[in-house]
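>>> quick one: sequence plus predicted model below, questions after.
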Amino acid sequence: MGFPGTWMTESESVVYRVVPKCACSTIGQIMYYSDHGEFFDGDIHDAKGGMHKWAIEDSQKLIEANVQAHKSYAFTCVRNPYTRILSSFFDKICGIQRNGKRYRGNLVPLLIQKYGIEVGDPDNGFEFDQIQSFRRFLLFARDTIRWRRPMDPDIHWSAMSGHVSTFIVNGGRYDNIFFTEKFNEGMQSVLDAIKTPKPVDLASVPRFNESEGHGPKRAHPVEDYFDDLSMHLVWEMYHRDFKLFQYDFENPGNKMPLGEVDLDEVHAKLGD
């Protein structure tokens, strides 16, 4: 199995397990900058060099040796499950992707046909009933996670605990799991714990939100998208995420975690 979704700086100063929709573009760029003193020109997910990634075959042995010996500081970043699935909907389902097309080709037509979802389009200013469509998307996401139908769950809406666990199950150990909602504080705690070839001034780092501006803006507060049934579906998909990462299930309007992540509990619960 190895360490899918794992990135490491070329200097091996730090190891990061990517969790999609949790500030991964910004984190990747900070890692790149910490080695090279400049940001990658483009989307860091497209970088084929300048950083080790599990998806690059030549990097795999280096990442495996490092992680299994816990040679470097290892971390990941998580996000409120309510805002994460909303972000996935607006970015991946409603948005136009970097290549100018819809995400995953025939996915959106399938959703329109089978689930009655509307997504709007750039020509009409993305006018559609966001709440109704999002709730129908939730049914689809649940079907993919629970029954792997009509397709396997996508990495952007599969549970964070699933992403986080592969690193542990295969012999890795996290030194830090921080919150997207407290990004500067969390990322600074990582930088304070490692030695980087180039200094990083976090306050001057831009936010690399590669999905922004390609789709509709969220028209309502977060809590308006989640009625009783929606919350039930979200719990079915993400109950482990809420419990392990201390997020508030009862109040979709509260994006902030209720406490700190207990690393020992995460390793115990996700390590089997």
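Here it is on my side, so go on.
>>> which residues of the stretch 51-200 of the chain fall in helices?
Using DSSP state H, counting those that start in this stretch, the helices found in the stretch 51-200 of the chain span residues 57-69, 81-88, 107-115, 130-147, 160-169, 183-193.
>>> would you tell me which of those helices gets closest to residue 14?
For residue 14, the closest of these is helix 183-193, at 6.7 Å, according to CB to CB. Just so you know, the C-beta spots here come from the backbone N, C-alpha and C atoms, and that holds for glycine as well.
>>> picking up where we left off before, in a markdown table: the helices of the stretch 51-200 of the chain, plus distance to residue 177, mean neighbour count and mean pLDDT.
Shown next, in a markdown table, are these (distance: least, CB to CB, whole Å; neighbours: other CB atoms under 10 Å; pLDDT from 0 to 100):
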| stretch | distance to residue 177 | mean neighbour count | mean pLDDT |
| --- | --- | --- | --- |
| helix 57-69 | 15 | 15 | 98 |
| helix 81-88 | 15 | 22 | 97 |
| helix 107-115 | 30 | 14 | 95 |
| helix 130-147 | 22 | 18 | 97 |
| helix 160-169 | 7 | 20 | 98 |
| helix 183-193 | 9 | 16 | 98 |
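>>> adding distance to residue 45, write those out as JSON lines.
JSON lines is the format used below for the helices of the stretch 51-200 of the chain (distance: least, CB to CB, whole Å):
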{"stretch": "helix 57-69", "distance to residue 45": "15"}
{"stretch": "helix 81-88", "distance to residue 45": "15"}
{"stretch": "helix 107-115", "distance to residue 45": "18"}
{"stretch": "helix 130-147", "distance to residue 45": "22"}
{"stretch": "helix 160-169", "distance to residue 45": "15"}
{"stretch": "helix 183-193", "distance to residue 45": "18"}
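>>> which one of the ones you listed lies nearest to residue 37?
helix 183-193 (14.6 Å).
>>> which strands and helices sit next to that closest one?
Using 3 or more CB pairs under 8 Å, 6 or more residues apart in numbering; DSSP states H and E, the elements in contact with helix 183-193 are helix 24-36, strand 73-78, strand 176-179.
>>> tabulate those (JSON lines), appending mean neighbour count.
As requested, those are exported to JSON lines (neighbours: other CB atoms under 10 Å):
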{"stretch": "helix 24-36", "mean neighbour count": "21"}
{"stretch": "strand 73-78", "mean neighbour count": "23"}
{"stretch": "strand 176-179", "mean neighbour count": "21"}
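>>> what about those, which gets the closest to residue 58?
Proximity to residue 58 (CB to CB) singles out helix 24-36 among those, at 16.4 Å.
>>> flag the shaky bits of the protein, pLDDT-wise.
By pLDDT under 70, the low-scoring segments of the chain are 210-213.
>>> and the closest residue in space to residue 179 that isn't next to it in sequence, how close does it get to residue 164?
Take residue 179 and drop its neighbours on the chain: the residue closest to it by CB to CB, 6 or more residues apart in numbering is residue 257, 5.4 Å away. Using CB to CB, to the nearest Å, residue 257 is found at 15 Å from residue 164.
>>> now do the same contact list for residue 150.
Residues near residue 150 by CB atoms under 8 Å, 6 or more residues apart in numbering: 110, 114, 140, 143, 144.
>>> quick check, nearest of those to residue 27?
Looking across the contacts of residue 150 and measuring by CB to CB, the closest to residue 27 is residue 144, at 25.9 Å.
>>> thought residue 151 was touching the closest one, still the case?
Yes - at 5.8 Å, residue 144 counts as touching residue 151 under the criterion of CB atoms under 8 Å.
>>> count of residues packed around the closest residue to residue 251 other than its chain neighbours?
Once flanking residues are discounted, residue 251 sits nearest to residue 223: 7.4 Å by CB to CB, 6+ apart. By other CB atoms under 10 Å, 13 other residues sit near residue 223.
>>> residue 223 belongs to a helix?
Yes - Residue 223 forms part of a helix when assessed by DSSP: H, G, I helix; E, B strand; the rest coil.
>>> and it, what does it touch?
Contacts for residue 223 were tallied using CB under 8 Å, 6+ apart; they are 251, 252, 253.
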